[in-house]
Structures are given as structure tokens and as C-alpha cells.
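**Q** dropping the sequence and predicted coords here.
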Amino acid sequence: MAKTAAELLVDRLIDWGVNVIFGLPGDGINGIMEALRQRQDAIRFIQVRHEESAAFMACGYAKYTGKLGVCLATSGPGAIHLLNGLYDAKNDFASVLAITGHTYHDLIGTHYQQDVNVVGLYEDVALYNNQITGAQHVIAVTDMACRRALAERGVAHINFPVDLQEQTLSDDDKSMMKAGEHTSAVWTRPVLVPADGEIDAAAQLLNQTEKTAILCGQGALGCGDLLEELAEKMGAPVIKALLGKAVMPDDSPYTTGGIGLLGTLPSEIAMEECDSLLIVGSNMPYTTYYPKAGAARAVQIDCNPANIGWRYPVEIGLAGDARATLERLLPLINRRSKRSFLEHAQEQMKEWREVEATRAHRDTVPLKPQTVVGALSNVIDDDAIISADCGTNTFWAARGIDIKRGQKFSCSGTLATMACGLPYAIAAAVAFPERQSVAIVGDGGFTMLMGEFATAVKYKLPLKIVILKNNSLGQIKWEQMVFLGNPEYGCELEPIDFAKFAEACGGRGFRCERPEEITPAFESMLAYNDGPAIVEAVVDQFEPPLPPRISPEQALRFGEALARGEPNGGRIALTVFRDKWNEIMG
Ligand SMILES: Cc1cc2nc3c(=O)[nH]c(=O)nc-3n(C[C@H](O)[C@H](O)[C@H](O)COP(=O)(O)OP(=O)(O)OC[C@H]3O[C@@H](n4cnc5c(N)ncnc54)[C@H](O)[C@@H]3O)c2cc1C
Ligand SMILES: Cc1ncc(C[n+]2csc(CCOP(=O)(O)OP(=O)(O)O)c2C)c(N)n1
Ligand SMILES: [Mg+2]
């Protein structure tokens, strides 16, 4: 029997190496679903409860594997639901293909049911965005979409009217200009190397300076060994943008950890005091945390030339793959005899880690989030894949997870959207069934897409989910107070019993509220491997996510918020000032 257009599409995806699609069926994609049903051995369909999750899963899958992530949604509402996850992929440069359905080809634009102009809607999010016009069009469009998403690290979109999914090639007269199939499912990730002269110039620039800070991001994943070698030669501290947390283990003597609000003071100081900056695979957006423009001479390595000079006025841009470029740069770098810049950063880091450790070892009720995350960090596998959500939980995860060599870490970085944590963890478990998949999420973000817990039950994915339950949209509460000096408003959350919820879905749920309950709860969670398990950790909602340095304006606004009737002012002031007092008094 001749293949349907939907079968042509799915077979072509298989040619592209796609073996999993995240999605939810609907009347606009019945033809595609049938093609998938018949090819279950070659391509797995993971059914979600909300299409937004499917897009997050495709994004997480792409981030964790480096392969193409694919999601599928029906016309109209299904396609609309995908959008947030697709923006997440766009903003974090993840290669994702979205396939959506549409109404019957001759009813498009007639206000027929679910007739939404999805191509128009996706114009901003997708770098390739096309509607299939018939069976003859399928192969070329699929090849374009896969190639563009992979090559340009972003979102490609194929929209497929439902009746056309049923066509065979003979149903669709090809145009007189189409000479048959002239495209191929062939693509290899290039290893870009800058010209020798440019690498020489970069080495010269760096060799002329004395205090280099290295900022690395997710583009440097897999280059930790080279960066450590470079750091050793140059006496340079390595600062990690959040998505680059796993580039280097947190206990490496060369790293000062993160940067920004959830970063460390030694990273902030290194940025302020360096006379040169080497950026490797990072597009960290917070420009106030870079050296002042002109204060440091800068070199940037990025495989995408369009991303060079975007966040800092660099003198030399090396458009190249991080690993290949570092391999060529390293031999040209002189070993510095003056080590004080790195040594100073290491001393500061020792102090920083001591303060953080003190914060993580408080036997209080309610539990401090740092205590919970610190305990989790100690018990997860050395090759665990850790997904965080958006909120103060991102903060506690970034600071509290001591990343090890071999672990992976991600979250929605530049879109910074809530609700990604659970879908990312599902994608990690699907992509790497032999590895532990851990999610650290807030109660707000988790609630948004918590139906996916049932997805994890359905596919028996042994996720380890830690919900930092503070009964509030914690991050925003602090922002309202600290950014604008306002009392919090609209941030309280109605508590949910997440342990019961987990059980009701067919998974396991545990709770810890007191320090002595943390270890048993984690042990129970880690021991259960027939499906997902939740630990609901009831944490102190008044624990402030303190930036490395509190600016006088922030302190002033915070004081104003308390004075202007912050409903929890007394408890907040007590928590913040008691902890500061304890730290000062040792
Ligand atoms: C609540 C919340 C708070 C946050 N706070 C912070 C914060 O305080 N600090 C912080 O750092 N982040 C924070 N983030 C994340 C932040 O918004 C950015 O997403 C993050 O800093 C970007 O990390 P990156 O530079 O590693 O990744 P990207 O922005 O994705 O940049 C990666 C770069 O690497 C390049 N690249 C990819 N592959 C290669 C390769 N093989 N070779 C060379 N180049 C390559 C890409 O082209 C790209 O330019 C926060 C997020 C949330 C949700
Ligand atoms: C989809 C979405 N809506 C709103 C926001 C704004 N926002 C950022 S963090 C946050 C609070 C998150 O609350 P929760 O998940 O409970 O985490 P917590 O901050 O309490 O750790 C909100 C509302 C967002 N980033 N994404
Ligand atoms: Mg919360």
C-alpha cells in the first residue's frame, strides 16, 4: 500500500534519528497518530497531559542529549499550548521540532472549528515555520525543518492540515518544477575552528593581561578538563553561568561557582577585579554582573558568531566550537607566575563555602530550603541528571547542589518559566533510563503541570521529585519587597498535600517537616524505582534568597516594604536579621 503523507513524515523523522516524540493526540493529527501507532518499535510516543509539557520535554531532551527534541500537538488549542515550551527552547538555543495539525486544507481561514493560524502564531518563535501543502511537499519540508533546528539551535515548526495527512503521493500532483525528491536526511554537527591568526591574537591579548576571569556556560559543557587546565596555567578563576553549572564540579579548586543573584561573592569580585575576561559558550544575560564596559579586555568563544559581542564589548571573537578552540588556544597561553588572582578567589571561596555550609546545617523547624537541598545533594547519584524549576527553588538548587563531574543540570534559563522542572525530568528519564533523574521544584511551578506526574507513573519513570513547599510564590514575594519596596500581594498559595497527590496518581509520596525526617524521606524516595516519587519538604517561606551582596537600595526598599505593612513583616525581619546576626557572631 502506498504510504500516507503522515507516514512519509514519520518515516523521514526516523531517518533523522528521531526515536521519541512527546505529544497529545487530537482531531487535527489523527493521521500522524496512526503513522506513529504503526511504527511504535522505531519511534516512541510519550503521551503528556498538557501540550506545554510536551514542548518542555522536547526542549529538555534536546538540552540533555544534544539531539533533536520533537513535540506534537493538534490544531488550535493544542498548538497554542505548546508555545511556552517552544519559547523556552528558542531562548536557550535548544534544537526542537514542533509538529502541529490544522483543520481541513480547504477550510483554513474560514473560522472553522479549531481554525487558528498557527503558522502566523509561531512566526516569532520558530526559525523555520511552514505548512505542508500536500504529500509531495512532506519530505523536503521535514528535511528543512530538522536541519534548520539542529544547525541553528532553535525551533522549527511543521504545520500539517488534517486531511492532507491521509494523502498518498499519487493523490497529490507534483508541480511541473518539482523533479522528485532532491533533499536528504543527512546532517553532522560541525566542529568549527577559528582561523589560526585569530587564535594567536586572542592568546596574545590574554597573555598581555594579569588577572583573567573565565566565564563559561552551557556551550562549554564537556570542556571542564580543558578549562581546568587553562585556569591552572593562567591562575584564572572560572565562573559558571547557570546553564553551565555542570561544566565543572563545584568542588574544583578553579571555580568560584555561579554568578548573578544566585551566584557567589567570589565570582562577583573576580568579575569586578579582572583585567581580562574569556567567555566560553555563555550568553549570560545579566550585564551588570560583567566587568564594567572597557574595564576588562575580552575574548569570546562561541560556535554561533551571531552571539559574539552580545553581552560584553569583546575585542576578539573566536567563532568556534568550545572544545576545538580551547584545544588550540591552550598551548599558546603562557603559564603565569603570579597566582594571586586565583589564590585570592580560592580563599574567598573557602569562606563562601563555609557560610553556605552553615546555612545548610540548621536544625530548624520549619526546615530551611538550604538544609533540604544540601541533604539531597549528598545522596543523589554521581551521574544524576538534575532539573530545576523557576523561583527561589532555582536559587536553592543553584547554590545548594554541589555538582559532581558526570552530573547534568538544567532549567529554563533565559525564558525563566515556571513548570519546566517536572517535564525536563521526564525527558531526562526517557533519554537516559539508566540514570537517576531528579527534579527540584517549587510548589507553584509544580502545580502548574502536575498532571505530568501521572505521565511518569504511566511510563514507570523512577523520577525523584523534591518539592520545596513554602506555600507561596516565593520568588515574587521577595521581588515585590526588594525591587519596589512593596508589601507582598497575591503570592500566598493554598497548600496542597503533594504526598497524597503522588499516591493518588499511583506513585509514592513522602514528607519531611523536621530535620530528622529529611534522611528517611530521601531514603524512601531513592529506594522506590517502579515509578516516580515525591518528597514534599515543608520549608521556611521566610528564608530570604540573599544575593551575594545586598545593595543599599535593596536594603532600603526591603525596609520600606516592611514599614508599609508587609503582612509577614515581623517574621521576615526576624528570619533575615537572626540569620545575619548568627553569621556575624559565628
Ligand atoms: C529564577 C532564575 C534565576 C536565574 N538567575 C541566574 C543568575 O543569577 N545567574 C545566571 O548565570 N543565570 C541565571 N539564570 C539563568 C539565566 O537567565 C541564563 O539562562 C543563563 O545565565 C544562561 O546560561 P548560559 O550562558 O550557560 O547559556 P546560554 O545563554 O544558552 O548561552 C550558551 C552559549 O553557548 C553557545 N554554544 C553552544 N554550544 C557551543 C559550543 N559547542 N561551543 C561554543 N559555544 C557554544 C551558544 O551559541 C550560546 O551563545 C536564572 C534563571 C532562572 C529561572
Ligand atoms: C509561567 C510563569 N509565570 C509566572 C512567572 C513569574 N514567577 C517567577 S518565580 C515565581 C514564583 C514561583 O513559585 P514557586 O514555584 O512556588 O517557587 P518558589 O519561588 O516559591 O521557590 C513566579 C510567579 C514565571 N517565571 N513563569
Ligand atoms: Mg513556592
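**A** On my side now, so go ahead. Ligands and ions are numbered 1, 2, ... in the order given.
**Q** what's the burial count for Thr209?
**A** Residues within reach of Thr209, counting by other C-beta atoms under 10 Å, total 18. (Each C-beta comes from the backbone N, C-alpha and C, glycine too.)
**Q** so what's it up against?
**A** Residues in contact with Thr209 (C-beta atoms under 8 Å, 6 or more residues apart in numbering) are Asp275, Ser276, Arg297.
**Q** ok, the residue nearest to the spatial centre of the chain - contacts?
**A** Most central in the chain under C-alpha atoms, centre = their mean is Cys411, positioned 2.8 Å from the mean C-alpha point. Cys411 is in contact with Leu242, Leu243, Ser387, Ala388, Asp389, Cys390, Thr394, Ala397, Cys420, Gly421, Tyr424, counting by C-beta under 8 Å, 6+ apart.
**Q** okay, the first one and Ala388: tell me how far apart.
**A** From Leu242 over to Ala388 the distance is 9 Å, taken as C-beta to C-beta, to the nearest Å.
**Q** please apply the same query to the second one.
**A** Taking C-beta to C-beta as the measure, Leu243 falls 11 Å from Ala388.
**Q** in terms of neighbours, single out the busier of the two.
**A** Ala388 (29 against 24).
**Q** and ligand 2, which of the contacts of Cys411 contact it?
**A** Asp389, Cys390 (C-beta under 6 Å from any ligand atom).
**Q** hey, what's Ile440 bridged with?
**A** Ile440 forms beta bridges with Ala388, Val466, as assigned by DSSP bridges.
**Q** residue contacts, it?
**A** Ile440 makes contact with 373, 376, 386-389, 393, 396-397, 401, 421, 466, 468, according to C-beta under 8 Å, 6+ apart.
**Q** 10 Å - rerun?
**A** Contact partners of Ile440, counting by C-beta atoms under 10 Å, 6 or more residues apart in numbering, are 369, 372-373, 376-377, 386-389, 393-394, 396-398, 400-401, 409, 411, 421, 425, 464-468, 537.
**Q** from Leu468, how far out is Pro366?
**A** Where Leu468 is concerned, Pro366 sits at a distance of 11 Å (C-beta to C-beta).
**Q** mutual contacts of those two, please.
**A** The contact lists of Pro366 and Leu468 share Ala537, Val538, Val539, Asp540, Gln541, Glu543, where a contact means C-beta under 10 Å, 6+ apart.
**Q** tabulate those residues (CSV), appending neighbour count and pLDDT.
**A** Below are the shared contacts of Pro366 and Leu468 laid out as CSV (neighbours: other C-beta atoms under 10 Å; pLDDT from 0 to 100):
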residue, neighbour count, pLDDT
Ala537, 29, 98
Val538, 22, 98
Val539, 29, 97
Asp540, 20, 95
Gln541, 24, 92
Glu543, 26, 91
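**Q** just the ones of those in strands?
**A** Counted as lying in strands by DSSP state E, out of those, are Ala537, Val538.
**Q** of the shared contacts of Pro366 and Leu468, which are in range of ligand 2?
**A** Counting by C-beta under 6 Å from any ligand atom, nothing from the shared contacts of Pro366 and Leu468 sits close to ligand 2.
**Q** can you tell me which of the shared contacts of Pro366 and Leu468 is nearest ligand 3?
**A** Set against ligand 3, the nearest of these by C-beta to the ion is Gln541 (7.2 Å).
**Q** what's near enough to touch the closest one?
**A** Here Gln541 is in contact with 366, 369, 392, 443, 468-474, 477, 491-493, 568, 571-572, 575 (criterion: C-beta under 10 Å, 6+ apart).
**Q** now list the buried members of those.
**A** By neighbour count, with 16 or more other C-beta atoms under 10 Å, the contacts of Gln541 hold 366, 369, 392, 443, 468-474, 477, 491, 493, 568, 572, 575 as buried.
**Q** these also near ligand 2: which ones?
**A** Filtered for proximity to ligand 2 (C-beta under 6 Å from any ligand atom), these shrink to Thr392, Asp443, Leu468, Asn470, Ser472, Leu473, Gly474.
**Q** what residues go with each domain of this structure?
**A** Listed by automatic domain parsing, the domain ranges of the chain are 5-171, 196-347, 361-585.
**Q** okay, the ones you listed in CSV with distance to ligand 1 next?
**A** Shown next, in CSV, are the domains of the chain (distance: least, C-beta to the nearest ligand atom, whole Å):
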stretch, distance to ligand 1
domain 5-171, 5
domain 196-347, 2
domain 361-585, 2
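**Q** on that earlier part again, quickly list what's touching both of Leu242 and Ala388.
**A** Both Leu242 and Ala388 are in contact with Thr394, Ala397, Ala398, Phe409, Ser410, Cys411, where contact means C-beta under 10 Å, 6+ apart.
**Q** return the closest of those residues with respect to ligand 3.
**A** Closest to ligand 3, out of all of these and judged by C-beta to the ion, is Thr394, at 11.2 Å.
**Q** mind listing the strands for the stretch 351-500 of the chain?
**A** Secondary structure of the stretch 351-500 of the chain (DSSP state E, counting those that start in this stretch): strands at 385-388, 408-410, 437-442, 464-469.
**Q** next, format those as a markdown table and append distance to His182 and mean pLDDT.
**A** Output for those, formatted as a markdown table (distance: least, C-beta to C-beta, whole Å; pLDDT from 0 to 100):
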| stretch | distance to His182 | mean pLDDT |
| --- | --- | --- |
| strand 385-388 | 40 | 98 |
| strand 408-410 | 38 | 98 |
| strand 437-442 | 41 | 98 |
| strand 464-469 | 48 | 98 |
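**Q** right, and Thr212 touches Ile239 too?
**A** No: Thr212 lies out of contact with Ile239 (C-beta atoms under 10 Å); the separation is 11.0 Å.
**Q** identify the contacts common to the two.
**A** Ala270, Cys274, Leu277.
**Q** wait, which of the residues you listed is closest to ligand 3?
**A** For the shared contacts of Thr212 and Ile239, the minimum distance to ligand 3 (C-beta to the ion) is 31.6 Å, reached by Ala270.
**Q** after whichever helix or strand that closest one is part of, which helix or strand is next?
**A** Element membership for Ala270, per DSSP states H and E: helix 265-273. Downstream of helix 265-273, the next assigned helix or strand under DSSP H and E is strand 276-280.
**Q** what is the neighbour count of Gly28?
**A** Neighbours around Gly28, by other C-beta under 10 Å: 29.
**Q** rewinding a little: can you tell me which of the contacts of Cys411 are in helices?
**A** Thr394, Ala397, Gly421, Tyr424 (DSSP state H).
**Q** distance to ligand 3 added to the contacts of Cys411, as JSON lines?
**A** Output for the contacts of Cys411, formatted as JSON lines (distance: C-beta to the ion, whole Å):
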{"residue": "Leu242", "distance to ligand 3": "19"}
{"residue": "Leu243", "distance to ligand 3": "22"}
{"residue": "Ser387", "distance to ligand 3": "16"}
{"residue": "Ala388", "distance to ligand 3": "13"}
{"residue": "Asp389", "distance to ligand 3": "9"}
{"residue": "Cys390", "distance to ligand 3": "10"}
{"residue": "Thr394", "distance to ligand 3": "11"}
{"residue": "Ala397", "distance to ligand 3": "13"}
{"residue": "Cys420", "distance to ligand 3": "15"}
{"residue": "Gly421", "distance to ligand 3": "12"}
{"residue": "Tyr424", "distance to ligand 3": "18"}
